[in-house]
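Chemist: Provide a 3D model corresponding to the input given below.
(2 chains)
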Amino acid sequence: MSVLEADSEALLTAIRRLLAAKGVMTEGEIAQQRQSTDRAEPGQGARMVARAWTDPEYRALLLSDGAKAAEAMNIPMRGMPPLGVLANTDKAHHLIVCTLCSCYPKAVLGYPPYWYKSSAYRARAVRDPRGLLVDFGTVLPEELKIRVVDSSADFRWMVLPRRPDGTEGWSAERLAAIVRPGDMLGVTVPSA
Amino acid sequence: MSLSAGDEVLVKNDWPETRGPAHIRTPHYVRGRRGRVVRPLGVFPNPEDLAFARAAAPRALYHVSFAMHELWPEGGGDEVVVELYEHWLERP
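Modeler: From the prediction side, this is the model:
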């Protein structure tokens, strides 16, 4: 019987036993990792964004070391790739893609939206980002430069969107509620 | 070769996948193209070896930006930023 024909549960059990036997990781560590992976959801990233909008010190930490900034919000980053966070400004708008596979800032955003892994999104993001954004309902001014970020290797990337007008005086909690996963990938921008 | 932000680089026009099994994190569309280093991203074990369980030497990783007109015939004023390992980069 080949690996492809094997029962997947049996295969998984065998691999987990091997990982434990070889001292790569214990059953407990696997359980812990599964728990944090299952718990990860876009609300975590949204809370990081909202805090960055209201706390300049946190914003500086977020932009210099995304993983540390996530840990500061009690998001487990152990064993996760480094997280880079790029701030949208009035000069540059960032758009995240992984053309080679499906690298995604899963630790802070959870599982990606279905279209993120599609060939159409991946191919078009690096070639016609403006057209792609229009399909998401996002029309950017010509003078705003789009910086497409292809997650091609060891980093994961997230966008810090610009705080929308009309949110002056809002609490971090209220701000977090308007930040959507697409805003943190750059396909959309948040609005009040 | 140590690179800094602002350095101009040329991505090697190399296609190891035509010579045998390979795991490459350098997208096709930037090979042979000129870009500019945006920021160093640290040092990581070379994924090209890691993928085959070979001893993986540490390699510097860089964020390199490319103008759309350098990548595609229709051009445009935007740019693409890609993570590239030092052994794929040359000084033009």
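
Chemist: show me what the nearest residue to residue B:2 once chain neighbours are set aside is bridged to.
Modeler: Of all residues beyond its chain neighbours, the one nearest residue B:2 is residue B:60 (7.1 Å), with distances taken as CB to CB, 6 or more residues apart in numbering or on different chains. (C-beta placed from N, C-alpha, C; glycine too.) For residue B:60, the beta-bridge partners are residue B:43 (DSSP bridges).

Chemist: can you count the residues close to residue B:60?
Modeler: Look at residue B:60: counted by other CB atoms under 10 Å in any protein chain shown, it has 17 neighbours.

Chemist: from chain A, how far out is it?
Modeler: Distance, residue B:60 to chain A, by CB to the nearest CB, to the nearest Å: 11 Å.

Chemist: quick one: residues contacting that residue.
Modeler: Contacts for residue B:60 (CB atoms under 8 Å, 6 or more residues apart in numbering or on different chains) come out as B:2, B:3, B:40, B:42, B:43, B:85, B:86.

Chemist: before we move on, what about residue B:35?
Modeler: Neighbouring residues of residue B:35 by CB under 8 Å, 6+ apart: B:8, B:9, B:10, B:11, B:64, B:65, B:66, B:70, B:82.

Chemist: just to revisit the earlier point, can I get the buried part of the contacts of residue B:60 as one PyMOL selection?
Modeler: Burial among the contacts of residue B:60 is assessed by 16 or more other CB atoms under 10 Å in any protein chain shown; the matching PyMOL selection reads:
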select buried, chain B and resi 3+85+86
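
Chemist: so the residue of chain B positioned farthest from its centre: helix, strand or coil?
Modeler: What lies farthest from the middle of chain B is residue B:74; by CA atoms, centre = their mean that is 22.2 Å. In three-state terms, and counting by DSSP: H, G, I helix; E, B strand; the rest coil, residue B:74 is coil.

Chemist: now do residue B:82
Modeler: Using three-state DSSP, the structure places residue B:82 in strand.

Chemist: isn't it right up against residue B:70?
Modeler: No. Contact status for residue B:82 versus residue B:70: not in contact, 11.7 Å apart, counting by CB atoms under 8 Å.

Chemist: ok, the two, which is more surrounded?
Modeler: Shown here are residue B:82 and residue B:70; by other CB under 10 Å, residue B:82 has more neighbours (29 against 15).

Chemist: which one is that one nearest to, not counting chain neighbours?
Modeler: residue A:150 (4.7 Å).

Chemist: what's the answer for residue B:91, then?
Modeler: Of all residues not flanking residue B:91 in the chain, residue B:9 sits nearest, at 6.7 Å (CB to CB, 6+ apart).

Chemist: wait, the one you found touches residue B:89, no?
Modeler: Yes. Using CB under 8 Å, residue B:9 is in contact with residue B:89, at 4.4 Å.

Chemist: and residue A:54, what pLDDT?
Modeler: Per-residue confidence (pLDDT) for residue A:54: 98.

Chemist: which residues does it contact?
Modeler: Counting by CB under 8 Å, 6+ apart, residue A:54 makes contact with A:171, A:172, A:175.

Chemist: among those, which are in helices?
Modeler: A:172, A:175 (DSSP state H).

Chemist: any idea how far residue A:45 is from the closest residue to residue B:55 other than its chain neighbours?
Modeler: Distances taken as CB to CB, 6+ apart place residue B:49 nearest to residue B:55, at 6.5 Å, with adjacent residues excluded. Remark: distance between residue B:49 and residue A:45 (CB to CB, to the nearest Å) = 32 Å.

Chemist: who has more neighbours out of the two?
Modeler: Between residue B:49 and residue A:45, counting by other CB under 10 Å, residue A:45 is the more crowded of the two (31 against 14).

Chemist: now the element after whichever strand or helix holds that one, going C-ward?
Modeler: Element membership of residue A:45 [criterion: DSSP states H and E] is helix A:42-54. Under the assignment DSSP H and E, the closest C-terminal helix or strand after helix A:42-54 is helix A:56-64.

Chemist: and which of the contacts of residue B:35 is nearest chain A?
Modeler: residue B:82 (4.7 Å; CB to the nearest CB).

Chemist: got the confidence number for the closest one?
Modeler: 98.

Chemist: how close does it get to residue B:37?
Modeler: Distance, residue B:82 to residue B:37, using CB to CB: 11 Å.

Chemist: give me the common contacts of the two.
Modeler: Shared contacts of residue B:82 and residue B:37 (CB under 8 Å, 6+ apart): B:63, B:64.
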